[in-house]
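**Student:** Quick one: sequence plus predicted model below, questions after.
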Amino acid sequence: MNITKEQIDELNAVVKVAISKDDYQEKVDKILKDYRKQANIPGFRKGQVPMGLIKKQYGKAVLVDEVNKLLQDNLNKYLTEEKLDVLGNPLPKQQDNFDWDNDNLDFEFELGLAPNFDVKVKTKKAVTHYKIVADKKMIDEQVERIQKQYGKLVSKSEVGKKDELTGSFVNEAEEIEHKTTIELDKIKSKKAVDALVGTKTGESVVLKTKGLFKEDYFLSSALGIDRERAEKLNIEVTFTVEEINERQPATLDQELFDKLFGKDSVTSEKELRDRIKEDSEKQFEQQSDQKLLNDITEKLIDDTKFDLPSEFLKKWIQVSGENPLTDDEASEEFEKSEKGLRYQLIEGKIIKENNLQVEFDELKEFAKGFIKSQMAQYGHLDPKEEELENVAARVMGNQDEVKRLSEQLMSQKLLDFYKEHANLKTKEVTYEDFVKEAYS
């Protein structure tokens, strides 16, 4: 067997594979002999079928199968030994005069080659790294929410502006009849609030659904219908008051602090506020990091210029799926995937040049850390090392879990690398401003 490469240009090449009869005949003959031993053909005893008949019936199929195996094994070996960085898979070239009856068989494969390029992680223009802070307004709202959540309900006979009402929404024409609890401070319509305030248990009011709540998603829950239907709804519904309650906020005392954080972990309102700030900002950090990773990815794609073997990749896309695509469909798929492919190449280069590969031992430790945090959510705060090892072993035996954890660990390694080496500017913002600025 002889394999040679013809370089078309920097991004395209053709590999030629010449296979002689000596490369495959011995294996083909052995398989046909085995077939002969097992063949059951009417008129012949088992194992006594003439070899000529076996060759006529099975010879071509066995030959094709064995040659294809030779091609696959040796082509992959050649690409590895020659250190050819190919995109997609080699594509066999169409040969109009190809004849399987020839002793010597010649094959050609098109290759799409990965481009050579440099990556500058420290870009000229700085990427914003948001530091999200919990401001006084957010902390006040969180304290109020806690007091409300752990407060007590006091029954009333007449609706006030901040009360909770339990009752039923009804509209017979739309087949709506649903019992629910609503809070008056969640209602947007001033007319609706005015209609409800002063209402007594057992009384009914007619309300318009359009613009009823401050948040649109409340309407579907209140009426017991799906959100898509609720968004289109513009009708009148009758609400009958069945129960009226005032929620009196919980006192910020040691009993509440212990209930929230464990005994004596927090001992004052100031410590409570500090704890809320700390916990909130820790949660925000994950969102900030994800935003940073996305922004650096976009920046690197925009700043790192290189060509791709586009025509080859379109051909490969055209034939690599379950169903062949038309030229237009393949071009459309290439356009959709081009950005992702570019970042895969950029990321791969960064990983290789900076030795960021995920090693088995660090993946195992990462898995144990993940397992430990999962256990903590269920109150198991101090698992033994042996227990962690056993669970980690099961997790590492699941290929899907290994893939998922590997991707998470690689994202973390890249993020840490970017934080150290990329051109970043830190910007301190509230969460509200972060949402407006980062996702507008």
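**Tutor:** Yep, it's here. These numbers were taken from a predicted model, which means no experiment stands behind them.

**Student:** so residue 251, which of the three states?
**Tutor:** Here residue 251 takes the coil state, with states given by DSSP: H, G, I helix; E, B strand; the rest coil.

**Student:** And it, what's its pLDDT?
**Tutor:** At residue 251 the predicted local confidence, pLDDT, stands at 94.

**Student:** and the closest residue in space to residue 85 that isn't next to it in sequence, what does it touch?
**Tutor:** Excluding the flanking residues, the one nearest residue 85 by C-beta to C-beta, 6 or more residues apart in numbering is residue 114, at 4.0 Å. To be clear about C-beta, it is placed using only N, CA and C from the backbone, and glycine gets the same treatment. Residue 114 makes contact with 85-87, 345, according to C-beta atoms under 8 Å, 6 or more residues apart in numbering.

**Student:** Have a look at the chain and report its longest helix.
**Tutor:** Taking DSSP state H as the criterion, the chain has its longest helix at helix 269-303.

**Student:** Can you show me the helices along this structure?
**Tutor:** 21-38, 51-81, 136-149, 190-196, 217-223, 227-232, 254-261, 269-303, 310-320, 327-353, 360-377, 385-396, 399-421, 431-439.

**Student:** I would like the residues contacting the third one, please.
**Tutor:** By C-beta under 8 Å, 6+ apart, the list of residues contacting helix 136-149 from outside reads 134, 247, 249-250, 252, 256, 260, 269, 272-273, 276-277, 280, 430-432.

**Student:** which among these end up buried?
**Tutor:** With burial judged by 16 or more other C-beta atoms under 10 Å, the buried subset of these is 134, 247, 250, 252, 256, 272-273, 276-277, 280, 430-431.

**Student:** Now that we have the residues you listed, can you turn them into TSV and tack on distance to residue 412?
**Tutor:** Formatted as TSV, the buried ones among the contacts of helix 136-149 follow (distance: C-beta to C-beta, whole Å):
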residue	distance to residue 412
134	24
247	42
250	39
252	37
256	36
272	31
273	31
276	26
277	25
280	22
430	26
431	23
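
**Student:** which of the residues you listed has the weakest pLDDT?
**Tutor:** The lowest pLDDT within the buried ones among the contacts of helix 136-149 belongs to residue 247, with 89.

**Student:** how close does the closest residue to that residue other than its chain neighbours sit to residue 244?
**Tutor:** Excluding its sequence neighbours, the residue lying closest to residue 247 (C-beta to C-beta, 6+ apart) is residue 151, at 5.1 Å. For residue 151, the distance to residue 244 equals 16 Å [C-beta to C-beta, to the nearest Å].

**Student:** Neighbour count for the two, which is higher?
**Tutor:** Per other C-beta atoms under 10 Å, whichever of residue 151 and residue 244 has more neighbours is residue 244, with 22 against 15.

**Student:** Thought residue 165 was touching that one, still the case?
**Tutor:** Yes - if you go by C-beta atoms under 8 Å, residue 244 and residue 165 touch, sitting 5.9 Å apart.

**Student:** Common neighbours of these two, please.
**Tutor:** Going by C-beta under 8 Å, 6+ apart, residues that sit against residue 244 and also against residue 165 are residue 159.

**Student:** about what we covered before: now flag whichever of the buried ones among the contacts of helix 136-149 is closest to residue 329.
**Tutor:** Within the buried ones among the contacts of helix 136-149, proximity to residue 329 (C-beta to C-beta) peaks at residue 431, which comes in at 42.8 Å.

**Student:** which residues sit in contact with that closest one?
**Tutor:** 132, 134, 138, 280, 284.
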